[in-house]
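# everything below, folded, please.
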Amino acid sequence: MNAGKLFLAVVLLFGAALTARPALSQTNCTASQQAAVECFVANAVTTSLTKPRYGMTLAQFESYGVAVSQILRTHHTYLVLVGISSAVADAMPPTNADGSANQTAQDNAVTQAVAAANDLGFTPLPAGSSLLDLERFSLDVTRAMNDNNNVLELLTPGISLRIIDSYLVTATTKTWVNWTEVNVSLMAAINNFVNSGLMKIPPGMTRTDVTSFAYSLSQIINYKVATHRTALSAN
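Reported below is the predicted structural model:
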C-alpha cells in the first residue's frame, strides 16, 4: 500500500475518533463512538482509501481502527509509539547494507522496541487495545515514515538509537558484545543526562526503568546483524 495513503488513513482514523461523526451510508453509526469509527473504517475500505492488512478480516480491521482511535487519545502512549517509529524509520531503514530491501529486519526492530516499552510501563495499554494493536500501529507509522524524502535525516529523531549504538560498538570485539559493559555505560550516560537536566524521568518511572529500556534497545540494535551493517544509518 502506498505510504502516503497509509499515513492518511491513520490520520483520518484520528479524526474519526475525535469527532465521532457517523458514516452516512450505514445504520447504527451514531450508537457510540466505537460504532462511528467502525463505520468509518468500513467506508474507507469500500472506497479503497485503505484496506485490511496483517491478514485481518474486515471485522478485525474495524476493531483495529477502534484500537487506533483509543491509542491516539492517550497522548502518552501515542507519543512514545510515534517516537519509536520515527527513530527506527530514521536510524534503522528497511534495507541491507548493499541497498537491497529487508523489511522484516525493520519490522522486528519495531515490534521488539514496542514490546520492551510496554513491558517496562512506558506505553500503558489503552482501553480496548492489546500489545498487538500497539505493535501494528507502530508498524503502520514506521512504514509511512520510511518514505519521507530525507526529512527525518534533517530532524535526526534516531539520535538516541545512535548514541546507544556508540556504546554497543565500543563494547564489541569482533562479533562478541560485552553486555555488562554496555549496561554500565548506559547507566552512567543516563545518570549524566538526568543530573545535567538534559533528561527528565517520566512520572512513575525510575532511572532503572529508563536504563532497562535503553539496554533493551541496545539488544534490538543487533538488527545490524540481519542487515549486515556496521553502524546505524539512514542511508
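# average pLDDT for stretch 95-104?
Confidence for stretch 95-104, expressed as mean pLDDT, is 94.
# isn't Asn108 right up against Ile221?
No: with contact defined as Cβ atoms under 8 Å, Asn108 does not count as touching Ile221 (11.6 Å). Just so you know, the C-beta spots here come from the backbone N, C-alpha and C atoms, and that holds for glycine as well.
# neighbour count winner among the two?
Here Asn108 and Ile221 are compared on neighbour count by other Cβ atoms under 10 Å; more neighbours surround Ile221, at 24 against 15.
# show me what contacts that one?
For Ile221, the contacting residues are 92, 109, 161, 164-165, 168, 232, taking Cβ atoms under 8 Å, 6 or more residues apart in numbering as the criterion.
# mind putting those residues in CSV, neighbour count, pLDDT and secondary structure included?
Formatted as CSV, the entries for the contacts of Ile221 read as follows, by neighbours: other Cβ atoms under 10 Å; pLDDT from 0 to 100; DSSP: H, G, I helix; E, B strand; the rest coil:
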residue, neighbour count, pLDDT, secondary structure
Met92, 27, 94, coil
Ala109, 26, 97, helix
Leu161, 25, 94, helix
Ile164, 24, 95, helix
Asp165, 22, 95, helix
Leu168, 25, 93, helix
Leu232, 25, 89, coil
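# okay if I get these as TSV plus distance to Tyr215?
Below are the contacts of Ile221 laid out as TSV (distance: Cβ to Cβ, whole Å):
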residue	distance to Tyr215
Met92	17
Ala109	15
Leu161	13
Ile164	9
Asp165	13
Leu168	10
Leu232	16
